[in-house]
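S.K.: Sequence unavailable; structure follows:
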């Protein structure tokens with residue numbers, strides 16, 4: 001049995017979960033509403049303030065969908081109650097980030113500033129000149145937008161310049177040495 005799949009999901013107070021046909025799950029909470037169509041083979045039951053996910057048989061595909069379905073529902077519940085955030089750091093001489101309205105402007109050593117628009121339901125905040133915080137209720141969208149920002153200038157291993165996640169460790173390399 002899937003250890004993650006069989007764990008019950010506790011629904012906190014102030015959160016409503018609706019399960020429609022074809023496993024369309026809608027989660028409403030203090031921070032907003034999320035909805036998602038989950039695999040129709042999984043059986044999602046709401047008993048009081050607890051959600052249980054069960055699978056029809058022990059085929060490999062069903063086993064993998066079991067844990068996934070449970071995690072997706074749990075991420076939705078956590079998203080509408082606490083929300084998600086990812087921190088990015090901009091390192092490098094002259095590299096900086098600025099925010100104006102919904103536009104994030106990044107100066108990353110290119111001949112032009114890179115401008116990015118906040119997607120629907122995602123908010124990016126610039127702290128100081130070199131820390132970007134991406135916030136939202138949908139874990140997938142937060143991670144995707146943070147990855148897109150990081151892709152504009154990935155950290156390089158020699159000087160550590162670029163955009164990195166706050167908890168990311170960059171393996172540094174030794175530069176080439178001159179011949180004597």
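M.R.: Structure received. What you see is a predicted model, and the numbers here were worked out from it, not measured in a lab.
S.K.: Can you tell me the closest non-neighbouring residue to residue 152?
M.R.: Here the nearest residue to residue 152 in space, its sequence neighbours aside, is residue 114; by Cβ to Cβ, 6 or more residues apart in numbering that works out to 5.2 Å. The C-beta positions use only the backbone N, C-alpha and C, and glycine is treated the same way.
S.K.: residue ranges for the strands of this structure, please.
M.R.: With DSSP state E as the criterion, the chain has strands at 9-10, 16-19, 24-29, 32-37, 43-47, 50-54, 84-91, 96-100, 103-107, 114-117, 122-127, 131-136, 162-165.
S.K.: Output those strands in a markdown table; the columns should cover mean neighbour count and distance to residue 62.
M.R.: As requested, the strands of the chain are exported to a markdown table (neighbours: other Cβ atoms under 10 Å; distance: least, Cβ to Cβ, whole Å):
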| stretch | mean neighbour count | distance to residue 62 |
| --- | --- | --- |
| strand 9-10 | 16 | 19 |
| strand 16-19 | 14 | 19 |
| strand 24-29 | 18 | 18 |
| strand 32-37 | 14 | 17 |
| strand 43-47 | 13 | 11 |
| strand 50-54 | 18 | 10 |
| strand 84-91 | 19 | 28 |
| strand 96-100 | 15 | 45 |
| strand 103-107 | 17 | 42 |
| strand 114-117 | 13 | 40 |
| strand 122-127 | 17 | 33 |
| strand 131-136 | 20 | 31 |
| strand 162-165 | 19 | 34 |
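S.K.: In JSON lines: those, plus distance to residue 151 and mean pLDDT.
M.R.: What follows is those, written out as JSON lines (distance: least, Cβ to Cβ, whole Å; pLDDT from 0 to 100):
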{"stretch": "strand 9-10", "distance to residue 151": "33", "mean pLDDT": "92"}
{"stretch": "strand 16-19", "distance to residue 151": "34", "mean pLDDT": "91"}
{"stretch": "strand 24-29", "distance to residue 151": "30", "mean pLDDT": "93"}
{"stretch": "strand 32-37", "distance to residue 151": "25", "mean pLDDT": "93"}
{"stretch": "strand 43-47", "distance to residue 151": "35", "mean pLDDT": "91"}
{"stretch": "strand 50-54", "distance to residue 151": "34", "mean pLDDT": "92"}
{"stretch": "strand 84-91", "distance to residue 151": "11", "mean pLDDT": "95"}
{"stretch": "strand 96-100", "distance to residue 151": "15", "mean pLDDT": "93"}
{"stretch": "strand 103-107", "distance to residue 151": "11", "mean pLDDT": "94"}
{"stretch": "strand 114-117", "distance to residue 151": "10", "mean pLDDT": "94"}
{"stretch": "strand 122-127", "distance to residue 151": "15", "mean pLDDT": "94"}
{"stretch": "strand 131-136", "distance to residue 151": "13", "mean pLDDT": "95"}
{"stretch": "strand 162-165", "distance to residue 151": "8", "mean pLDDT": "95"}
